[in-house]
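Q: Got a predicted structure plus its sequence, pasted below:
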Amino acid sequence: MAEPAARLWPRAIAHADLDQFYAAVEALDFPELRGKPVIVGGMPGGRGVVSTASYEARKFGVHSAMPSSQAARLCPQAIWREPRMERYAEKSREVRAVFARYTDLIEPLSLDEAFLDLTGSQRLFGAAETIARRIKEEILEETGLVASVGLAQNKSLAKIASDIRKPDAFVVVQPGAAEAAAFLAPLPLGRLWGVGPKTEARLREWGLRTVGDVARWDAERLARRLGRASAEELQALARGEDDRPVVSEEAPQSIGRENTFAEDIHADGELERELLAFAEDVATRLRARGLQAGGVTLKVRFGDFTTLTRAEQFEEPTDLAEALHAAGVKLLRAKVGRQGRGVRLIGLTATRLAPRTEAAATLFPDEKAVKQRRVADTLDRLRVRFGDEAVTRARLLEGRARNTGTPSDA
């Protein structure tokens, strides 16, 4: 039974963030890792970076996005695990299913965190605090994962609340301007959304130390130094004001995959084979979502970190690996001036996405395309039944470039 109307929040936003997500999944699947310093990411000795570190490893200064070589020096006793993205995505879906019981207004920020608008859920499930607590408990009971949850009247406050007492946090900022101000005032500047190290350093130069200092500072002085729009936004956040809505997940604007190699690649054949693997993966994901690509973008980064992107549009939209691969190879050969340079990273992204229509599905110009469609449909059925690794192209068995590709939807 719902709580009395007087108890309902006028706006209730939760931010749920899974603690040390990748490392937590590894410890869940391999209990011998529990309580030990675990680092998930590229192995030390190469060019990899840390994706996630357990709290035991973080005590040594290891953090996400740190070069693996540096992390290995800081925590030589760490246990290293390569990322298992499919498994992490599976656990993320389990958590998302818990969210969906209580609201359909879910804004995922990544596999391990999301905003939830619980405002309308209160008349069905009770007060906002009750719902948020229940979500946290059910995530643990059903997935074995610990989520830090913040509840507040807007997104900015909710995100700060979920992070301030991690791990295993449950922090509620009661609605109201005075409550928001009291919560924010003593916090360090870096807690504010969008305040990175450079901005924080500038603010500290002006004598500002806390969020409360920013909220109280003279608005005109701040506008002269930061620009009026930036100053107004910063002070609004410092007062706890944020009217951004929770935006439910929408169809991606692009789907891609890229790979950073352990060693620079010079052989054209190896790069083109990598593009074929990417094209196969991207095409499969397009078809799974009922989408087609109107264009493709190739990304190449050389050993000196120079990065180029080249794009091409299709005359007809496609969701076939052959077309994506051909376009990528064409761009690599004709539009990228390698001049003997080795390639550090390569990526292929399908762009200009649109829903696949029945009419589009029949507009094949020749028998070759018809055959490619039949092969693609057969491969999709086999992968659904037996798993993604059940079948692959013979050319890809010749050997893949080092390191696994990273998928992306944007």
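A: Yep, that arrived.

Q: Identify the residues contacting stretch 125-142?
A: 1-3, 7-9, 12, 14, 16, 18, 94-95, 98-99, 101-102, 116, 118-119, 121-122, 145-147, 149, 151, 170, 172 (CB atoms under 8 Å, 6 or more residues apart in numbering). Just so you know, the C-beta spots here come from the backbone N, C-alpha and C atoms, and that holds for glycine as well.

Q: Now the buried members of those.
A: Using 16 or more other CB atoms under 10 Å as the burial test, the contacts of stretch 125-142 include 8-9, 12, 14, 16, 18, 95, 98-99, 102, 116, 118-119, 121-122, 145-147, 149, 151, 170, 172 as buried.

Q: Can you list which of the residues you listed are found in helices?
A: Under the assignment DSSP state H, the buried ones among the contacts of stretch 125-142 contribute Val95, Val98, Phe99, Tyr102, Gln122 to helices.

Q: can I assume the third one is in contact with Ile106?
A: So the one you mean is Phe99. Yes - using CB atoms under 8 Å, Phe99 is in contact with Ile106, at 5.1 Å.

Q: At which residues are the strands of the stretch 151-300 of the chain located?
A: Using DSSP state E, counting those that start in this stretch, the strands of the stretch 151-300 of the chain run over residues 170-172, 255-265, 291-302.

Q: Give me the common contacts of Phe99 and Ile106.
A: With CB under 8 Å, 6+ apart as the test, Phe99 and Ile106 both reach Ala114, Leu116.

Q: Mind checking what secondary structure the residue lying closest to Leu291 once chain neighbours are set aside has?
A: Leaving aside its chain neighbours, Leu291 sits nearest to Leu353 (4.8 Å; criterion: CB to CB, 6 or more residues apart in numbering). Following DSSP: H, G, I helix; E, B strand; the rest coil, the label given to Leu353 is strand.

Q: okay but Leu353 is in contact with Val296, surely?
A: No - using CB under 8 Å, Leu353 is not in contact with Val296, being 11.1 Å away.

Q: Please say which of the two ends up with more neighbours.
A: Val296 (28 against 21; other CB atoms under 10 Å).

Q: Quick one, grab the pLDDT at the closest residue to the more buried one other than its chain neighbours.
A: Distance criterion CB to CB, 6+ apart; nearest residue to Val296, sequence neighbours excluded, is Ala327 at 4.4 Å. According to the prediction, Ala327 has pLDDT 95.

Q: Same question for Gly227.
A: Looking at Gly227, its pLDDT stands at 86.

Q: Would you mind measuring from it to Phe278?
A: Remark: distance between Gly227 and Phe278 (CB to CB, to the nearest Å) = 41 Å.

Q: now Leu203
A: Distance of Leu203 to Phe278, computed by CB to CB: 42 Å.

Q: Compare the two and say which is more crowded by neighbours.
A: Neighbours were counted for Leu203 and for Phe278 using other CB under 10 Å; Phe278 has more, 26 against 23.

Q: right, and that one touches Glu272 too?
A: No - taking contacts as CB under 8 Å, Phe278 lies outside contact range of Glu272: 10.5 Å.

Q: Could I get the pLDDT score of Leu140?
A: Value for Leu140, per-residue pLDDT: 98.
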